[in-house]
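Engineer: show me the folded form of this:
(one chain, ligands or ions: 4)
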Amino acid sequence: MATTNTYDHELNVALLAVQRATLLTKSVFHSHTKGTLNKSDASPVTIGDFGAQALIIAALQLNFPDDEIVAEEEAKDLRENGQLRETVWDLVQKAKLSDSSAEKVLGGEVKSAESMLDIIDKGASQGGAKGRIWAIDPIDGTKGFLRGGQYAVCLALMVDGDVKVGVLGCPNLPVSDSEPLKEGIGADASDEEGKFGVLFSAVQGKGAQSRALSKSGLAESHDIKMKPLTNISEATFCESVEAGHSSQGDAAAIASKLGITKPSVRMDSQAKYGSIARGAGDLYLRLPVRKDYVEKIWDHAAGDLIVREAGGRTLKENKGVVAAPKDVHGKVIEAVREVLGEKE
Ligand SMILES: Nc1ncnc2c1ncn2[C@@H]1O[C@H](COP(=O)(O)O)[C@@H](OP(=O)(O)O)[C@H]1O
Ligand SMILES: [Mg+2]
Ligand SMILES: [Mg+2]
Ligand SMILES: [Mg+2]
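Structural biologist: Residues are numbered from 1 along each chain as shown. Ligands and ions are numbered 1, 2, ... in the order given. Here you go, the predicted structure:
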């Protein structure tokens, strides 16, 4: 008899893998050398992105060897640059959770710098609508990461095209869900007492949770919910810091149509999804700046599930994002249509 998968093991591995990878990125965040390279599309990648991707894929391969993986980065630059490869390899070896049972769940060590490259390139699946596929964004918001702003380590499991598990590690957000949304990084990001931000997660049909990121095992979690929003004009909306990623002019026009007077909170990465899911903000608007840009699955899969499980609704359709509480989603879409329609 077939049993229904509750995704308990997948969630546990995903949480620990993201927590460990976030630890690696945090050490790079605080270091002067970030080993930044420009990719063919002129966007940046750092030793933190490569290292985090290697650590997450290593854990997935040991626990779920038959699953496919779609990840943002590839090892080509590390194959061509020995010094960079050694730096990433050093980071990967050092990144360990202090709880040995947690490390045991994640599986054995990456054996060599060479095998690390092959592991990074295991994330080259084409994806698709069938089967079990993990989506990894080892650092989402790399520009924020380099600027000293928000970023997120993102992992999601899709089964037959449906997101079942989503995890976001946001080391620069406050641990507390009740802190109001603000620009810049939270005080908890200072690394005092081993605290370093928040880990969000969701399993389809089981709600969304947050917990403090920890350097050992998993901290206690609690449920999160979007904030009820009765009067949309009182909404706080968030958007990208990067004007090249989302049209800030269109967002301002939409906000004004909705009667929103508070200025937008600009924040990099899927930290925006986590922030509205925990009720720190209300809306997330991402509006296309270029007709030909296609949104990437790893930029949205985890955050999208976390918002929906926290009681929100999202709309993506490859062109931008509108995430809002269910009750007001229709209203926001109407304003988006009006503003974008006027531009046609
Ligand atoms: N023209 C564009 N429109 C929308 N998103 C874009 C874009 N160019 C790059 N991006 C994506 O924007 C992501 C960051 O989003 P945000 O602005 O919300 O922080 C980047 O993720 P990475 O940083 O992982 O590369 C990248 O995939
Ligand atoms: Mg990138
Ligand atoms: Mg990204
Ligand atoms: Mg990225």
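Engineer: pLDDT weak spots in this protein?
Structural biologist: Applying pLDDT under 70 to the chain flags residues 1-3, 186-195, 316-318, 344.
Engineer: tell me which stretches of it form helices.
Structural biologist: Taking DSSP state H to define them, one finds helices in the chain at 8-29, 47-63, 76-80, 82-94, 100-106, 113-120, 142-147, 248-257, 271-277, 301-309, 326-343.
Engineer: out of those, which comes closest to Leu181?
Structural biologist: With Cβ to Cβ as the measure, helix 271-277 is the member of the helices of the chain nearest Leu181 (5.5 Å). Every C-beta, even on glycine, is put in place using the N, C-alpha and C of the backbone.
Engineer: same for the closest one, what does it pack against?
Structural biologist: strand 162-170, strand 198-203, strand 237-239, strand 283-286, helix 301-309, strand 321-325 (3 or more Cβ pairs under 8 Å, 6 or more residues apart in numbering; DSSP states H and E).
Engineer: what does that helix contact?
Structural biologist: If you take Cβ atoms under 8 Å, 6 or more residues apart in numbering as the criterion, helix 271-277 is touched by 141, 150-152, 168, 170, 172-173, 181, 198, 200, 208, 210, 224-226, 238-240, 267, 281-284, 300, 302-304, 306-307, 309-310, 312, 323-324.
Engineer: out of those, which end up buried?
Structural biologist: Among the contacts of helix 271-277, those buried by neighbour count (16 or more other Cβ atoms under 10 Å) are 141, 150-152, 168, 170, 172-173, 181, 198, 200, 208, 210, 224-226, 238-240, 267, 281-284, 300, 302-304, 306-307, 309-310, 312, 323-324.
Engineer: return only those of those residues found close to ligand 1.
Structural biologist: Contacts with ligand 1 within the buried ones among the contacts of helix 271-277, counted by Cβ under 6 Å from any ligand atom: 141, 240.
Engineer: could you tell me which residues of the stretch 101-250 of the chain lie near ligand 3?
Structural biologist: 137, 140 (Cβ under 5 Å from the ion).
Engineer: how much space separates the closest residue to Leu106 other than its chain neighbours from Val163?
Structural biologist: Distances taken as Cβ to Cβ, 6 or more residues apart in numbering place Ala59 nearest to Leu106, at 4.2 Å, with adjacent residues excluded. The gap separating Ala59 from Val163 is 19 Å, by Cβ to Cβ, to the nearest Å.
Engineer: report the closest residue of the stretch 51-200 of the chain relative to ligand 2.
Structural biologist: Thr142 (4.9 Å; Cβ to the ion).
Engineer: can you pull the contacts of that residue?
Structural biologist: Contacts here follow Cβ under 8 Å, 6+ apart; on that basis Thr142 touches 43-46, 49, 151.
Engineer: excluding sequence neighbours, find me the nearest residue to the spatially most central residue of the chain.
Structural biologist: Nearest to the geometric centre of the chain sits Cys154, at 3.5 Å (Cα atoms, centre = their mean). Leaving aside its chain neighbours, Cys154 sits nearest to Asp137 (4.1 Å; criterion: Cβ to Cβ, 6+ apart).
Engineer: could you check how far the residue nearest to Leu106 is from ligand 4?
Structural biologist: 18 Å (Cβ to the ion, to the nearest Å).
Engineer: go on, Leu37?
Structural biologist: 13 Å.
Engineer: Lys272 now?
Structural biologist: 14 Å.
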